[in-house]
Structures are given as structure tokens and as C-alpha cells.
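Peer 1: Fold the following, please.
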Amino acid sequence: MMHTRNLRLMLASAAFIGLSGPAFALDGADLVAKLNAAYASNGMTIAYEGVEVDGTTITLSGVSVKSMAAPETDLKVGEVTLEGVEETDGGGYYAETVTLPDIDFKADDVALAAKDIAMSGLTIPGNPSSGTINDIVLYESAGTGPVTVTVKGKQVFAITESEANLTKQESDAGFDFDATLSGIKADLSDVEDAKAKDAIEKLGLKTLDGEVTMKGSWEVATGNVSLEEYAFDFANVGRLALAFDISGYTMEFMKSMQEATKAAAANPNKEEANQAMGLAMMGLVQQLTFNSASIRFDDATITKRVLDYIGGQQGVSGDQLAQSLKGMVPLMMAQLNVPELQNQVSTAVNSYLDAPKSLTISAEPAKPVPFPMIVGAAMGAPNTVPSVLGVKVTAND
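Peer 2: Numbers count the residues shown, from 1 in each chain. I've put the predicted structure just below:
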């Protein structure tokens, strides 16, 4: 009797497990639906022809992406594989890796190829309306292998690899980010315009070799966006590094901007849409606060070549042109009626032209400045803007 009861219990348990199994299986269609819900504010829609679930792997076939900005064009992606997929609290999803097919696009004489496209640590929100960082589709890292562009069978641009990383801050306060495009090579030798071709040859820019790097952070509560560096570094040219720090770029600001963009894209009257978009952006900018900004150029011989080239067109040497610029800068700056800045600029330009090493323009006010105050100063007393922003110009430092 006891054996019979145990047998029935085992059979009932087996039946329950068998029936409940499909309920715990991953739902590929739901994953894409949640992804589309998160991307909806950006005016993007992801479609697919088929979905296959095998354990923790979801394979989407015939994937395409449509943007409201170009509703007549679908970006064909192909097969996308998500591995190590699991459901998260709140009905969202997490995928350890996402692999996309290589790109091999051709149009007329132009061909674009990209290999090894993948990302890891993809997080898809279950409820993209909570007002937190968890509303956003995030990844831990993403990148590609080689990327090439060819024109008429000749390679004119290439990237060895690209990589981008996002790291969540403690308590979901925001995230840190960085990105690198390495092994950038460009071939400008086949430029057809005669004037441009002459300039490229004399400036020694027929081929370019360098990299682009970026690093920064974003804090959700204050909307503080700190772009510590966005640098373009090319051999025999120089390194241009940009940086800025603003506050007010909150989740609410992002959503308002996305809604304005979405409304503009949906408006068939493009002139009216652009005007509405401009007014919306002007209103949104009022919510931002300026903390600091800078732009720095470190020369790698391009300055002398530019002076020689422009001087040659005017019938003078590069050194003579440099001396002429030294005399012109104070006169040009005097028209702005900013004596302190005029002296800084004149001193910096003189130092740089004598021995080109670096030139830096920075703006760091004593206290953060609301954008409406900057706009007001620019409209009412333009010559006060440099002092409001704490602008400084230095060279070779």
C-alpha cells in the first residue's frame, strides 16, 4: 500500500514538472517586445521573421531595424544570437553575449564590411517607465573586429577594432563609460577635386593613421554628464582632445528630448517639424547647467605644414605668415572688447607660433552657470561671456 502511494506521488510530481516546464522556458517574442518597448521613445522598432529557443540561447532570424527618421528604409541585420539569457526581476532580461552577423554592404561603387560584431552583458528592462537607470537598454561591453570601406575596389578607410564599455555605479547612481576606435587608417590619395588634392598632398595628408578614444560618466539624479576626454590622435598631425561637464541631463530631460525627436520624425511637414524641434530644444536647454569645458590641440608637425601651405598661396614663407598672424590677432581681438582675454590670446598665439607644441582653450567658471544666464549674457552683453564662463587661453603648457 505504501509502495503504491509513493508511486502515485512520483508520477504526479513527474507530471507536474512536465506540465510546468514550458512555463519556465524563455520567451523570445517577449524579449523582443520588451526591447521594442524600451526603444520606442527613440523611434526605433526591431522586427524578426523567426525565433528559436534552446535552453538559455535565443536565436532570432531575419532581424531588421526600422527608424522613424527613415521609415521607408529597413536596416537588414540577419540572424542574431543571444546566449546565457535569463529573466530578471521586474520582467526584464539579461544576456551574457549577443552575436550579430558580419556586415557586407554594397551600393554602387562603395562597399562596407564589418566583422566580429558582438556585445556582452545586455540588460533589457521589463518596465521602461520607472524613471530610473533601469529604464535603459544597457550593455557591459560592445565592439567589432575589422571594419573597412572601399570605393571602386580600393580601401579608403579602415578600423582594426572598436570597443565600448559601460560600468554601472554603486546603487545604480549612474554609469561610467569609455570607448576606443583603434587602428584607424584613411587613404585620401584618390580625392578627385583638384584644389583639395593639391592641399592634401602639400599638407602630407594622403594617408592618416590614428585612433579615437572617449571616457566619461553620467549621474542619474543630477543629470551630470562628464566627458573627461574625447580625443582624436593621428600620427604626423596631432591630438585634438575635447572635454565638457554639464548638469541637468536627467532621465526626464532625455525622455522629453526623445519625445520631441519622435514628434518631429512623425510630422510629414519637415519645415514645420524642424521649427518645432528647434523650439523644443531651446526650451530643454534652459534646464541645463554649464560646469566646464576645454579643447586642447597637441601639435605633431601639422602646424608648420599649414603655415607653409597658406603662406605659399599668398607668396610668403610660413615664418613670414606666422609673424603676420602675430600682428593681426591683437587687432581682431580688440574688436571683441575683452581686454583680459585679448592679452591671453595674443600671448598664447605668439608662444604657439614661435614653437608649436600645444594650444588650450578652457572654460571653468567659479560656480556652475545655468544655460539661461549664458544665453542672456550672449544676447545682452556678448563681451561678458568669457568672464561669465571663466575662459582661459594658454599655449605650450
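
Peer 1: list the buried ones in stretch 309-323?
Peer 2: 309, 311, 316, 318, 321-322 (16 or more other CB atoms under 10 Å). From N, CA and C alone the C-beta is placed, and that goes for glycine too.

Peer 1: now those residues as CSV including secondary structure?
Peer 2: Listed next are those as CSV, based on DSSP: H, G, I helix; E, B strand; the rest coil:
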residue, secondary structure
Y309, helix
G311, helix
V316, coil
G318, helix
L321, helix
A322, helix
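
Peer 1: would JSON lines of these with pLDDT be doable?
Peer 2: Shown next, in JSON lines, are those (pLDDT from 0 to 100):
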{"residue": "Y309", "pLDDT": "96"}
{"residue": "G311", "pLDDT": "96"}
{"residue": "V316", "pLDDT": "95"}
{"residue": "G318", "pLDDT": "95"}
{"residue": "L321", "pLDDT": "96"}
{"residue": "A322", "pLDDT": "96"}
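
Peer 1: which stretches of the stretch 251-397 of the chain form strands?
Peer 2: Remark: strands assigned in the stretch 251-397 of the chain by DSSP state E, counting those that start in this stretch are 289-299, 358-363, 369-370, 391-395.

Peer 1: Name the strands paired with the shortest one and say parallel or antiparallel.
Peer 2: What that stands for is strand 369-370. strand 289-299 (antiparallel) (DSSP bridges).

Peer 1: Do me a favour and average the pLDDT over the strand it pairs with.
Peer 2: Strand 289-299 shows a mean pLDDT of 98.

Peer 1: now it, how far from the centre of its chain.
Peer 2: Relative to its parent chain, strand 289-299 has a centroid offset of 17 Å by CA atoms, centre = their mean, to the nearest Å.

Peer 1: can you check stretch 48-68 too?
Peer 2: Distance, centroid of stretch 48-68 to centroid of chain: 26 Å (CA atoms, centre = their mean).

Peer 1: Under the pLDDT cut-off, which ranges of the protein? List them.
Peer 2: Scanning the chain for pLDDT under 70 picks out 1-24, 41, 69-71, 130-131.

Peer 1: need the strands for the stretch 101-250 of the chain, in chain order.
Peer 2: For the stretch 101-250 of the chain, the strands defined by DSSP E, counting those that start in this stretch cover 103-107, 110-114, 118-124, 141-144, 147-151, 154-159, 161-168, 174-187, 207-219, 224-234, 238-247.

Peer 1: I'd like the strands of the stretch 251-397 of the chain written out as TSV, with mean neighbour count and distance to A158 added.
Peer 2: Below are these laid out as TSV (neighbours: other CB atoms under 10 Å; distance: least, CB to CB, whole Å):
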stretch	mean neighbour count	distance to A158
strand 289-299	18	24
strand 358-363	18	29
strand 369-370	16	42
strand 391-395	19	34
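
Peer 1: D27: which of those strands is closest?
Peer 2: The closest of the strands of the stretch 251-397 of the chain to D27 is strand 289-299. By CB to CB, the value is 43.3 Å.

Peer 1: angle of the closest one against strand 358-363?
Peer 2: 170 degrees (axes from the mean of the first three to the mean of the last three CA atoms, to 10 degrees).

Peer 1: So which of the buried residues of stretch 309-323 is the closest to G121?
Peer 2: Y309 (48.0 Å).

Peer 1: so the closest one touches I200, yeah?
Peer 2: No. Taking contacts as CB atoms under 8 Å, Y309 lies outside contact range of I200: 10.2 Å.

Peer 1: could I have stretch 330-342 exported to CSV, CA atoms only?
Peer 2: Backbone C-alpha positions of stretch 330-342 (Å, rounded to 0.1, in the frame of the first residue of the first chain) are rendered in CSV as follows:
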residue,chain,number,x,y,z
PRO,A,330,45.5,91.7,-31.2
LEU,A,331,43.7,93.8,-33.8
MET,A,332,41.0,91.2,-34.3
MET,A,333,40.6,90.6,-30.5
ALA,A,334,40.4,94.3,-29.8
GLN,A,335,37.1,94.4,-31.7
LEU,A,336,35.5,92.0,-29.1
ASN,A,337,36.2,94.4,-26.2
VAL,A,338,37.5,91.8,-23.8
PRO,A,339,41.0,93.2,-22.8
GLU,A,340,41.9,90.4,-20.4
LEU,A,341,41.1,87.7,-22.9
GLN,A,342,42.8,89.7,-25.6
